[in-house]
Every structure is written in C-alpha cells, then in structure tokens.
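Engineer: Take a look and give me a structure for this.
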Amino acid sequence: MKSLVVALALTFGGCGGCGSDAVNYDAGVSGDAPVTFTACGGAPDAFVRQTFLALDGRRPRSQAEVNVYTDLYAAAVTKGIDPKDTVARAIMAEPEFGERWVEQTMDAMQVQRFDYQTEAECWDRGTRSTSSAALATAVRDQAATGTGDGAQWNMADLAVSAIALDDLTPLYRAQLFSMMQHPIPAANVADVEAELARRADFGATFDSGYLHRDAVCLDCHNSNFSVTDRADPATDRFWPVPGLAEVPVYGTFTHVDLAAAHAPFRVDSFVGNGTSRPWGWASSCGRFATNVPADPAGVTAKLASIGGQHSTVYTLEAALKHGFDQLRGQLPAIGADGMIADPDQALAWLVTLKMTEDVWTKVTGTRLTIANYYPRNKAASDLLYALAQRYTQSRYSLRALLVAIVQSDYFNRKPAEAACGAGPYTYPNVFDPWVIADPDTAKRLNGPGDAVQAVDARTLVSALAGALDWSAPPLASRFPDYGCSETSSCQAIQQACQHEAACCTAYQASCQMNGVSPTTEVPFQRGVGMFLRNSERGFRGLDFQARLVWENHENVCARPAWVTSDFIDTLAAASAADLTATTRDVVVALKDRLMGEPAINVASEIDALTAITGSLAAPASSVTTATLRELCGVLVNTPQFLLAGIAGRGGDVPKLTPTKAGYAAICTDVASHVPGATCPSNGGALALP
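Structural biologist: Here you go, the predicted structure:
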C-alpha cells in the first residue's frame, strides 16, 4: 500500500514531464515583456475540476462530467459571456452546494457542535419538509421582534432558506440568539462574577466568529497603528483594509473596555426569562425577555450604536441589521478622514470582512490576514478589500462572492511544471506572506506551488462520500454526538431516552438504524481537524497524527452500514458483466472517480498496482470488491486526494464509466438548470443559444 502511495505521489509531482532543474520559463516572444502571473491561468478542464471541489465539496464524478462542463465553458466563450461565471453558477446549481455552505457557515460562526454548549437542539435538523427563500427573506427584512414568515422554524430551516435566498446575513443575525441559549455554568462564584464570565465567553465567540478582532491585540495592532507598520512600503508589514472601523465600533483604537463591548451578551434576566421567540422561531431554540432591568453589574454598553445599561442581543441584532442594510448593494461610506462614520455600518463592515475571508479560505486554503487580524502585504489587503466590496455590492450574494474568487488570478493556476512566467516565483505574496524573509531573494515571492494546499477535513469527508455514492447517515446530524454524549454506550443512551426523554435521536440513529456512533465519530472529527467547539477549533491540513486518524478511518473505503450499495459495488458489478474489460479498465475508472486521473503511466505505479490487483491485463472480473476497496483506501491517502490547488490530469473517458456519470446523463442535468443549454440527440457537445 505504501509503495503505491509513493508512486502516485511521484506521478502527482510530474516527474515524467518536469525535465531537469534548469527549466526554461516562458519569458514571452523575444523583445516582449515577460509573461506575468496573471497570464498563467489553468486550462478550462482544470478550472472545472478545481471549481467543483471548491464550490460543491466534491470532485467531478467522471471525465465525462468534466467534458460536459468544459463544453459549457467553450459555449460561453463562443456566445461572448463570461465562461467562468457561467460554469461556476452551473456547478453551484448542483445539490451538494447548499449543505457545503451551511456547514462552512456554521464553522465560521463557531456554532458549538459538542459538549454542554452544543446547539444541536436548534441546529440539528430542520422542522420543515420543504424550503424556500421566504423564511430568510422575512428574517432579513424584519427586526428580531417580528413574526418571521408566520410558521415556526429552527436554525437548520433558516440556513437552508438563506442559501436559497443567496444571502447569509439573516443567519448571522439569528445566530446571536442561538448561541445565547447555552451559557457556561460559571459555578462557585458570585452572581455578578458569573454574569460577567458568561458575557466574556459569548463576547469572545462574537469577537472571533464575527468581528475577527481581539481587543487585547488592538493595543499593538489596529487600523490606525501597528508595531509592524512602516512608512516605506518595502518594509511595511501592516496593510489594514480601509475604514478605520475600530473607533466607530469600540469608541477607541486601543484600551477597549471589554466589559462595555460585551454588555449586549447579557444573560441575567434575559435568557429563558421571557416569552419572546425571535422571528417566531421554535420554542426549542429558546425564549428571551424583550425588556430587562438595569445592568446588574452596572456596566454601560459601548459597541457600535449600542449604549446604556439595558442592552441585550436584541439591541445588538438591531444594530447589525441596520449596518447590513446600509451596506447591502453599496460600498462602505468612508469619510474624508478615512473612517466609516456610521457605527453600525462599521460593525457590519467588520463582519463583512470576516465573512469574505472565511469564504476565501474555504476555497483556497489560505488566509488573507495573519495572527494580528490584518493583512501583511498590499496584495492581500487589496484583494480582501475588493472581494468585500464585491460582496456588499452584490447585496451579500454568496454566489457572487464565490464567482469573484474563482475568477481571480489566484485560482486555477497552471502547475509549476508548466513553467509559466519569467520564473518560479512571480506571484504576489497572497498565499504565503512569510516568504519575504527567505535567505534566497529569488524566493521572496509566491509561486503556483503555494496555491497547493491541504483539503480541509469536512471537504475530505464530503469528497469521499460524493465519489463513492455514500448517502448521509440516518437522521443525518451536523453534530457528531447527536447532541448527546461522546462516550455513552447504546444501553446508556437507551436508558437516557426511556427515563429522561434525552438522547432519543442518538439512540434511534446510532443503535437502531446503523448510523454513525458518537464513540467513533467524535474522535474521528477531532482527529482530522473539524471544528467541534471553541476549545477544539480544529485545523486545516493533516499532520502525521491526523493522517493516521484519516487512514485508520478510511483505509479500505468500507461501505457504511446504512448504505446498501455504493460506487465500488457498482464498478465491481460492471467489471464482472463486461467480458472485454481488463483490470486496467477497472483501476482507471476508480482513479477517475476519486482523483480525476483516468490513466496509468508511470512504471512504478504499474508495479505497485499489480501488487494489489494482479496483472492489469487480466480480465476485469478477476478484481474483487474487497480488492477495489483496498485500492480505494490507498488512493484516498495520496496527494491527489488530500490536496487542492492543482487539478487531476484528466484523460480519456474510462470504459467502465457508469451511465449516470456519462456525457448524456450529465449534459441533461446541466441543461436542466442552465437557461437555453441543449444536448444534441446525435451525441454532439452541449450548446448555448
């Protein structure tokens, strides 16, 4: 198994086509200026492959699917419309798009998935059998004291509706109430100290998940000053985005009064102490008081336009709504002094920047800011500012923001082996700002290799499930313990359900319906770096320990107990039925499905494959399902599966491509949601009118 991983890693590195170390880079036609990084975009088929993973969380299911979208790209060019916009929006019309961005937004807002602050009760599964944009529209347009769309709902319902509306701002506003339903215990302290501790806990979540600021850090790094700021651009390491938002939000650049900034996260006399349900949501999501007495700690609030001693998240939500409304469809109103005058608009602008960067990071794997919460160079600052402006001007369209990212000169780059440009390092330091300190001056810029990043853990899981046709678990939960417990046995969960009316969903799903077990799912998600809670925020990129966790979990691509048949079963059946197919055909079909490389070219790869499958020239019927699962376990541990930022090489459509992943079926699907697209009955290419 290890030998095949090494062989495929060498193939991925392009050892057969890289040439010697003395690569001849494209310096342009003699006498012309050298080719810049902006001219080094990847081919349309590579764009299709990378965009699928970035936007839908899965790779194309076949070379035929890539061919359909590549034809759509070409048709858009012929028609004179933007091909990247056309293809990206077609890909976003696929069903996987919604769940991917619900999960991403939950992590970005730091929805607690585990332990005593779990938000499973309001977030786990929707209460509505159908969804539309109506609920999110009502929440967007109403204050939190409104009635929504007239029917009860929970956050899972709102999340799906927000994706349909193509506006996540209603979700961000409603989440303020969802998180407040679960304050920390703060035991063994006086009531006022407990209250302040709870506010600090919620405030820290808000600062991190919404504002991307740390008040402690502001004393050394804020939009007006930084210890790394320099007048000389060549040595300047501090490039804040315009707006000077800290003063209108906090009242100062430095020495922020955290108690005042966090006063709206009041628990006392507010949480569970009233009858108000924000926008008429379900009672299980919580009830709150609309009127509260003076602050028990005597704190006067100061956050954006919020003041006084009676503030709650109702007040905060109203300020955030006002700010979003001011920015929706507009650029931030920056005055002659460089500052956003309206404090609520400044608040919403900070949230907008955080939302923008979170989406960028999900797509590219890199951040545009560093640990001090600001960009380190002009290129990153300009890009963040431009994307955030695009976001607000599009009226907070998630799809428009995603299109802007995949259209940028930092997505779908030609691989290093293509030797595009005047040298290997010609990109602004957007991917990695720290190379400026490299001893070799030639390496102080980024290159296409810096665009290659680890696939995040949730995407690894969705990419594998999408490739192998694994459906969601029974009573599919976004919470690995179903809101119950990591360590409880089925017997303990059953007793809790029978005697306490608790953990009933966990018992039904895990113990009666062969779903995921919290005792294995929680450690797995923790081990591969998924966000679980504020104390376990996860990570991106598999270190040695995380690789072992991933390999142990997916070492033979075992079909989940709730899935009756998957792609490997289908492939094995097709192999047995086609007497003309060979083992090579089987392997190529599996490689195509998992990593977009339907070819076997390197001798070392052939040797490693033969050690698992036997002769590649043997009849396909000789390859058992168990052998295919073993090979699958190898492939999902290779760089081609674990990394993004470089596309699979592609090739001919495999002989054993399933009919539903063939050109005709995919073309019909694409034509159903791309206006005017047609699929000729004679087998021609997809066309646009």
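Engineer: Show the average pLDDT along stretch 205-225.
Structural biologist: Stretch 205-225 shows a mean pLDDT of 95.
Engineer: Tell me how many other residues surround the spatially closest residue to Ser477 that is not a sequence neighbour.
Structural biologist: The shortest distance from Ser477 to any non-neighbouring residue, by Cβ to Cβ, 6 or more residues apart in numbering, is to Asp124 (5.5 Å). For the C-beta atoms, the positions are set from N, CA and C on the backbone; glycine is no exception. By other Cβ atoms under 10 Å, 21 other residues sit near Asp124.
Engineer: Next one, pLDDT for Asp124 please.
Structural biologist: 90.
Engineer: got it, and Phe288?
Structural biologist: Phe288 is assigned 97 on the pLDDT scale.
Engineer: and it, how far is that from Val267?
Structural biologist: To Val267, Phe288 is 10 Å away according to Cβ to Cβ, to the nearest Å.
Engineer: shared neighbours, the two?
Structural biologist: Met180 (Cβ atoms under 8 Å, 6 or more residues apart in numbering).
Engineer: Excluding chain neighbours, what is closest to Gly449?
Structural biologist: Ala416 (5.1 Å).
Engineer: I'd guessed that neighbour sits against Pro424; true?
Structural biologist: Yes: using Cβ atoms under 8 Å, Ala416 is in contact with Pro424, at 6.3 Å.
Engineer: Counting neighbours, go ahead and name the busier of those two.
Structural biologist: Applying other Cβ under 10 Å to Ala416 and Pro424 shows that Ala416 carries more neighbours, namely 21 against 18.
Engineer: list the contacts for the more buried one?
Structural biologist: Applying Cβ under 8 Å, 6+ apart, we find Ala416 in contact with 424, 447-449.
Engineer: cool, Gln104 as well?
Structural biologist: Residues in contact with Gln104 (Cβ under 8 Å, 6+ apart) are 358-359, 362, 458.
Engineer: hmm, back to that, OK, contacts around the residue nearest to Ser477?
Structural biologist: Here Asp124 is in contact with 156, 477-479, 482-483, 505 (Cβ under 8 Å, 6+ apart).
Engineer: tell me which element Ser477 is part of?
Structural biologist: Following DSSP states H and E, there is no helix or strand that holds Ser477.
Engineer: Doesn't His348 belong to a strand?
Structural biologist: Wrong residue type there; residue 348 is Ala, not His. No: secondary structure assignment (DSSP: H, G, I helix; E, B strand; the rest coil) places Ala348 in helix, not in a strand.
Engineer: hang on, isn't it packed against Arg328?
Structural biologist: No: the pair Ala348 and Arg328 fails to qualify as a contact (Cβ under 8 Å) at a distance of 9.1 Å.
Engineer: Between the two, which is the more surrounded one?
Structural biologist: Neighbour totals were compared for Ala348 and Arg328, and Ala348 leads with 32 against 16 (other Cβ under 10 Å).
Engineer: ok, now how distant is the residue nearest to that one when sequence neighbours are not counted from Asp82?
Structural biologist: Using Cβ to Cβ, 6+ apart and skipping the chain neighbours, the partner closest in space to Ala348 is Gly323 (2.7 Å). Note on Gly323: its distance to Asp82, by Cβ to Cβ, is 31 Å.
Engineer: The two - which one has more neighbours?
Structural biologist: Neighbour count, other Cβ under 10 Å: between Gly323 and Asp82, Gly323 has more, with 27 against 14.
Engineer: For that one, give me its contacts.
Structural biologist: Per Cβ under 8 Å, 6+ apart, neighbours of Gly323: 304, 342, 344-349, 351.
Engineer: which of those residues has the most neighbours?
Structural biologist: Ala348 (32 neighbours).
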